[in-house]
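> need coordinates for the below:
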Amino acid sequence: MPLLPLHGHKTLRSRFDDAIARDALPGSLLLHGPLGVGKQRLALWLGQRLLCSGVDPRPCGRCQHCRYSLAGTHPDLHWYFPRPRLKDSDASPAQTEEDFRDAINDRLKTGAYGPPPPEEGILVNTIRAIVFSAAMAPALAARKVYVVGDAERMVMRDGAEESAGAFLKLLEEPPSRATIILTTSEPGALIPTIRSRLVAVRVPALGASDVEAVLAEPGMRDAVAAAGAPSRVDEQVRVANGAPGTLLSGAEWGDARARARRLLDAAAGGARGEQSRPGRF
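Below is the predicted model of the structure:
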């Protein structure tokens, strides 16, 4: 199953498109915003846009690069995110890439996925794989794109100074044929030396109509139901509050319901009280 279609974020997409047309898109970007608003999906759209060889408007969705990008199989669109530690603590880049191919296939079974478990991270073997890949020429397209989701989970442990230094240099001076896009819901948790090397772009919450469109996608609908959310779409839209991805975890759904209930209680209390008294590139 391909990636879910991207809904919303039209203003940002237009900004990115304009920057690409002017050859002004930064080589290293940080997409940050609320949890569940589709930052990784937007980053993958941007990767597809950069690789597309079809006619305007791009991405065309029909050329070979677009088809491979949507299927999660483009050799020049690399997608990384928190993963469990591999059995081989000193895994090679090839072993790491194989693990991510399997993980991406799992995500694409429905096209929707929840937040990674807290014990998973972007570990040193992943950082090494990124650095190793970036030094190689593109396999199919004219350039490479790297998307690193939940980048606040990046672990730079002692003994990995060489890999950390190489990654920082990659962010500061990306190859002319590479674009690196990190996403996070917690920009303050990013390592400062990483954050300072990125051009930050805020990704806002979605409007209600875009949330409805996301929830109408079959894969998303099934995933939300499996997470224990009620079947009423209007309640899902209200509780999602512009971030449909928050409904993909049972815990997140419970937290969202609790937040909504607190807001309703506060509004009701306020009403009773009133009755008793008078980013550029």
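> ok, Leu140 to Ser231 distance?
In this view, Leu140 and Ser231 are 43 Å apart by Cβ to Cβ, to the nearest Å. C-betas here are computed from N, CA, C, even on glycine.
> looking at this, Phe16 is in a strand?
No. Using DSSP: H, G, I helix; E, B strand; the rest coil, the assignment for Phe16 is helix, not a strand.
> quick check: it touching Pro26?
No. Contact criterion Cβ atoms under 8 Å: Phe16 and Pro26 do not qualify, at 10.5 Å.
> same drill for those two, tell me which one is more crowded.
The neighbour count for Phe16 versus Pro26, taken as other Cβ atoms under 10 Å, is higher for Phe16 (20 against 16).
> for His9, see how far away the residue nearest to that one when sequence neighbours are not counted is.
In space, and not counting its chain neighbours, Phe16 is closest to Leu46: 5.5 Å by Cβ to Cβ, 6 or more residues apart in numbering. Using Cβ to Cβ, we find Leu46 at a distance of 10 Å from His9.
> joint contacts of the two?
Among the neighbours of Leu46, none is also in contact with His9 (Cβ atoms under 8 Å, 6 or more residues apart in numbering).
> who's more crowded, the two?
Leu46 (26 against 22).
> SS state for the more buried one?
Leu46 ends up helix, using three-state DSSP.
> helix or strand for the spatially most central residue of the chain, which one?
Centroid-nearest residue in the chain: Gln40, 1.6 Å away (criterion: Cα atoms, centre = their mean). Using DSSP states H and E, Gln40 maps to helix 39-51.
> go on, Glu97?
Going by DSSP H and E, Glu97 is part of helix 93-107.
> which element follows the helix holding Gln40 toward the C-terminus?
helix 64-70.
> convert the C-alpha atoms of that next one to PDB, please.
What follows is helix 64-70, C-alpha atoms only, in PDB (Å, rounded to 0.1, in the frame of the first residue of the first chain):
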ATOM      1  CA  GLN A  64       8.900   6.900 -12.100                       C
ATOM      2  CA  HIS A  65      10.300   8.900  -9.300                       C
ATOM      3  CA  CYS A  66       6.900   9.800  -7.900                       C
ATOM      4  CA  ARG A  67       5.700   6.200  -8.200                       C
ATOM      5  CA  TYR A  68       8.700   4.900  -6.300                       C
ATOM      6  CA  SER A  69       8.500   7.700  -3.700                       C
ATOM      7  CA  LEU A  70       4.800   6.900  -3.000                       C
END
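> isn't Pro187 up against Pro34?
No. Using Cβ under 8 Å, Pro187 is not in contact with Pro34, being 11.4 Å away.
> what angle do the helix holding Glu97 and helix 39-51 make?
For helix 93-107 against helix 39-51, the angle by axes from the mean of the first three to the mean of the last three Cα atoms, to 10 degrees is 110 degrees.
> neighbouring contacts of helix 93-107?
Residues contacting helix 93-107 (Cβ under 8 Å, 6+ apart): 72, 78-81, 83, 86, 88, 91, 113, 125-126, 128-129, 132-133.
> what's the most distant pair in those?
For the contacts of helix 93-107, the maximum inter-member distance is 25.8 Å, found between Tyr113 and Phe132 (Cβ to Cβ).
> show me where pLDDT drops low in the stretch 51-200 of the chain?
Low-confidence segments of the stretch 51-200 of the chain (pLDDT under 70): 157-160.
> what is the burial count for Glu235?
Glu235: 13 surrounding residues under other Cβ under 10 Å.
> can you check Ile127 too?
Close neighbours of Ile127, defined as other Cβ under 10 Å, add up to 22.
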